[in-house]
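Asks: What follows is a predicted structure for the sequence shown.
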Amino acid sequence: MVSSIPQLEDELRQIQALAARVSLELRQAAEDLAIDESLPSLQLIDELRQLRSRVATLRKRISPTESTPTEDELDATTLAQVSEDIAACAIRETAHEILESVLALEHQERESFAPLETVRADADRLLSQWGEGVSNESTQQLVDGSHPIAALAGLVSPSDELSDSEWLDRLNKVSSAYGEELAAAAARGRLVGRDKSYAIWN
């Protein structure tokens, strides 16, 4: 899965640079209008239209399932809000990748492993609800590792930064939610991605 977040962040930076330039030009135009009643230039008006258009397009890219924002919605939009929306999008994307990674798991030695089928069914259920909107709480739990599914992913391919206590906490979460047999299989390296070179947890 190729992340769209870097492109969204780059577009936001470009929009912020344009907004800063337009802001300075607007201040000067306001002074000119107040002092000698000079009208704003057509170039400035065009830059304002371009700024609004780019923000509308970016918001649509962040939430493709939502309709294009109306003029009133754009009036109420701030670039700080857009930045927060991109951050939330990044969290959803990471959560989605964790669910997909768990769906790719299999037991090295057993073709059928009931505890793994149970957790994969839960991951599949969450993915199937994605279009309807997985709760923010579940999404955040997947990303911070507190969700049992994320705990399993963290056991299968742990981060080098994972402390012993964090590793044990994830082991206990998996054991409590899905049983000791699954926790033991994960801890002993028995669970791998279908493609053995596939990195489950980055």
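Replies: Looks like it arrived, so ask away.

Asks: And the pLDDT for the residue located most distally from the centre of the chain?
Replies: Distance from the centre of the chain peaks at residue 36, with 49.8 Å (CA atoms, centre = their mean). pLDDT for residue 36: 92.

Asks: ok, now residue 132?
Replies: Per-residue confidence at residue 132 stands at 63 (pLDDT).

Asks: ok, the residue farthest from the centre of the chain to residue 152 distance?
Replies: For residue 36, the distance to residue 152 equals 70 Å [CB to CB, to the nearest Å]. The C-beta positions use only the backbone N, C-alpha and C, and glycine is treated the same way.

Asks: Ok, residue 101 next?
Replies: 9 Å.

Asks: lowest average confidence, helix or strand, in this protein?
Replies: helix 136-144 (a mean of 83; mean pLDDT, DSSP states H and E).

Asks: Show me what that one is packed up against.
Replies: Counting contacts by 3 or more CB pairs under 8 Å, 6 or more residues apart in numbering; DSSP states H and E, helix 136-144 is packed against helix 79-103, helix 148-156.

Asks: Could you pull out the helices in this structure for me?
Replies: Assigned by DSSP state H, the chain shows helices spanning 5-36, 42-62, 71-75, 79-103, 114-128, 136-144, 148-156, 164-178, 180-187.

Asks: remind me which residues of this structure are low pLDDT?
Replies: The chain contains residues with pLDDT under 70 at 1-2, 131-136, 158, 160, 195-202.
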